[in-house]
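Asker: Sharing a sequence plus its predicted fold:
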Amino acid sequence: MLRILSLALAGLLALAPVAAIPQAAYASTAPQACEPFDIDNAKEVRAKLDAADTVFEGRVQSVAKVQTNGTAEFQHKVRVVTVYAGDLETEEPTTVVTFPRSDDGHGRMAGGTRHLFFANDRSDGSQVVDRCSGTTTLQQRLPDSRAALLDQLVAEEAESARDVALEEPSAGVSDAPSLKRLALPGALVSLVGLLALVLVVAVGARRAR
């Protein structure tokens, strides 16, 4: 009897790690929590702007779940209300793509809802929104104070980009070489050639004597 109990206990211990593997694997693939985002905090808004290609306010008109290259995604038709950054046109529709939450995505947005989008451009012309992009659901039009903050930060970013583009190299720009410096090597070569010619003529004259 003791032998049978020992064998049974050994079998349970051997199976314990196997039973724990699926739970560990599930925990490792679970989406991580996003950092809290305060839309009134200039520093946090600037960080979201830096990570986005397009920032705009829009209303979801319709949504469809499709399979793209074997991956499920939600394609939202969104009417653009206000553009803060990017090349979208106001009052024109665009496509905003999100992914299911189980895939660490933003999830589906309900039709008729209004959002402030922080999105990235996709090669097909659509806009992609991920779970931690900063995209925020709005109950009504973005308040003037928040819109002014966005406009200010976008303008500062554009000005900073212009300053970097116009900045001189750190080593400075060297002066163009003067005509004297350009002519000096040629003059030296000519002088050496003339001296060599004189030397040859002198040696020839001595041999002739």
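Answerer: Everything's here; your move. Given the structure is predicted, the values throughout are model-derived calculations rather than measurements.

Asker: number of nearby residues for residue 126?
Answerer: 17 (other C-beta atoms under 10 Å). C-beta: built from backbone N, CA, C; applies to glycine.

Asker: For it, give its distance to residue 93.
Answerer: 11 Å (C-beta to C-beta, to the nearest Å).

Asker: same check, this time on residue 119
Answerer: 14 Å.

Asker: didn't residue 128 look like it was pressed against residue 117?
Answerer: No - the pair residue 128 and residue 117 does not pass the contact test of C-beta atoms under 8 Å, sitting 10.1 Å apart.

Asker: list residues touching both of those two?
Answerer: residue 96 (C-beta atoms under 8 Å, 6 or more residues apart in numbering).

Asker: Of residue 119 and residue 93, which one has the most company?
Answerer: Between residue 119 and residue 93, counting by other C-beta under 10 Å, residue 119 is the more crowded of the two (28 against 14).

Asker: Am I right that the more buried one is in a strand?
Answerer: Yes - membership of residue 119 in a strand is supported by DSSP: H, G, I helix; E, B strand; the rest coil.

Asker: What's opposite it in the beta bridge?
Answerer: residue 54 (DSSP bridges).

Asker: List the buried residues of stretch 38-48.
Answerer: By 16 or more other C-beta atoms under 10 Å, the buried positions in stretch 38-48 come out as 39, 45-46, 48.

Asker: mind giving me CSV with those and columns for distance to residue 70, secondary structure and pLDDT?
Answerer: Formatted as CSV, these follow (distance: C-beta to C-beta, whole Å; DSSP: H, G, I helix; E, B strand; the rest coil; pLDDT from 0 to 100):
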residue, distance to residue 70, secondary structure, pLDDT
39, 35, coil, 90
45, 36, helix, 94
46, 36, helix, 95
48, 30, helix, 95
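
Asker: out of those, which one sits closest to residue 151?
Answerer: When the buried residues of stretch 38-48 are compared for distance to residue 151 (C-beta to C-beta), residue 45 wins out at 11.2 Å.

Asker: hang on, isn't the closest one packed against residue 154?
Answerer: No - between residue 45 and residue 154 there is no contact under C-beta under 8 Å: 9.9 Å.

Asker: Show me the contact partners of stretch 33-43.
Answerer: 44-45, 48, 116, 131-132, 134, 136, 145-146, 149, 153.

Asker: Quick one: the helices in the chain, in order.
Answerer: 2-29, 42-51, 144-166, 179-208 (DSSP state H).

Asker: Show me where the chain dips below the pLDDT cut-off.
Answerer: 1-31, 163, 165-209 (pLDDT under 70).

Asker: Return a selection command, for use in PyMOL, containing the buried ones of the contacts of stretch 33-43.
Answerer: Selection of buried members from the contacts of stretch 33-43 for PyMOL, criterion 16+ other C-beta under 10 Å:
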select buried, resi 45+48+116+131+132+134+136+149+153
